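A.B. asks: Need coordinates for the following:
(chains A, B and C)
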Amino acid sequence: MILPVDFYDRPTLDVARDLLGKVLMYRSRQGVASGMIVEAEAYIGEDDPACHAAVGRTERNAPLYGPPGRAYVYLNYGIHHLVNAVTEREGHPSAVLIRALEPLDGLALMRRRRAQAPWRAGKAAVPDHHLCRGPGNLSRALGISLADNVRPLTRGPLLIRDEGLEIGELAWDGRIGIRVGTDRRWRASVAGHRSVSG
DNA sequence: CGTTCGATGCACT
DNA sequence: GTGCATCGAACGT
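C.D. replies: Coordinates of the predicted model:
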């Protein structure tokens, strides 16, 4: 079952927790690639210094202010596309960053896309559990790009589904990879999972 | 193990 | 001009 908009129209920490074990799927012309979400971070409101909305509304962060259940995709460090699920109702800028997946379908396609990264030329094949480890890596593996920004996660090529998968123990830790707001323990992950980036 | 650092594009000041 | 919600290689212990 595809997660409905109501799933995202809730407190962001609840959405982050409940996204663990759900399946992020991308259907492209080249085929389907999907994985179970094992790591996610909450970014909540203009008072969260690490949230893109901390600077107020701009053209780039406008999707955060829009309706829940859509993707917020942006380019980071000039190289990586990072994908978020927008949460809470319009006017409450918040989202969950998807940081890692356990690959399920389309592993060969993922491996091909990862190998196309310029810095991987001539390198060994990426091991399965590293294919979607890290937010930049998972976007590349699934083929997510800026074209997916603001697209609904409830239909179209980029979807999140509940397939009833079981997860292990859930852990809350400080968010990583940011320079401010690291004290907030808003990173949810499947404890000890080998695809978690932290 | 650990830390440092370059690549690379663009939003924001 | 500055600074990233990253990745992975290169070095030092």
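
A.B. asks: C-alpha from now on. contacts and neighbour counts both.
C.D. replies: Fine.

A.B. asks: what comes up buried for the biggest strand by length in chain A?
C.D. replies: Under DSSP state E, the strand in chain A containing the largest number of residues is strand A:31-44. Neighbour-count burial for strand A:31-44, with 16 or more other Cα atoms under 10 Å as criterion, is recorded at A:32-44.

A.B. asks: out of those residues, who's nearest residue A:127?
C.D. replies: Proximity to residue A:127 was ranked across the buried residues of strand A:31-44 by Cα to Cα; first place goes to residue A:35, at 14.6 Å.

A.B. asks: and the gap between the residue of chain A found nearest DNA strand B and residue A:2?
C.D. replies: Closest residue of chain A to DNA strand B, Cα to the nearest atom of the strand: residue A:78 (3.2 Å). Spatial separation of residue A:78 from residue A:2 under the definition Cα to Cα, to the nearest Å is 32 Å.

A.B. asks: quick one, which of the two is more surrounded?
C.D. replies: For the pair residue A:78 and residue A:2, the greater number of neighbours falls to residue A:2 (14 against 7), based on other Cα atoms under 10 Å.

A.B. asks: surely that one meets residue A:159?
C.D. replies: Yes: counting by Cα atoms under 8 Å, residue A:2 touches residue A:159, with 7.1 Å between them.

A.B. asks: sorry, back to before: show the average pLDDT along the next helix or strand after the longest strand of chain A.
C.D. replies: Using DSSP states H and E, the helix or strand that directly follows strand A:31-44 along the chain is helix A:62-65. In this model, helix A:62-65 carries a mean pLDDT of 98.

A.B. asks: next one: stretch A:181-197
C.D. replies: The predicted model gives stretch A:181-197 an average pLDDT of 95.

A.B. asks: ok, back up a step: partners of the longest strand of chain A, with directions?
C.D. replies: Note on strand A:31-44: by DSSP bridges, its sheet partners are strand A:23-28 (antiparallel), strand A:94-105 (antiparallel), strand A:187-190 (antiparallel).

A.B. asks: how about the strands in chain A?
C.D. replies: Going by DSSP E, chain A shows strands at A:23-28, A:31-44, A:71-76, A:80-86, A:94-105, A:158-161, A:170-173, A:187-190.

A.B. asks: Show me how far the longest strand of chain A is from its chain's centre.
C.D. replies: Its chain's C-alpha centre lies 4 Å from the corresponding centre of strand A:31-44 when counted by Cα atoms, centre = their mean, to the nearest Å.
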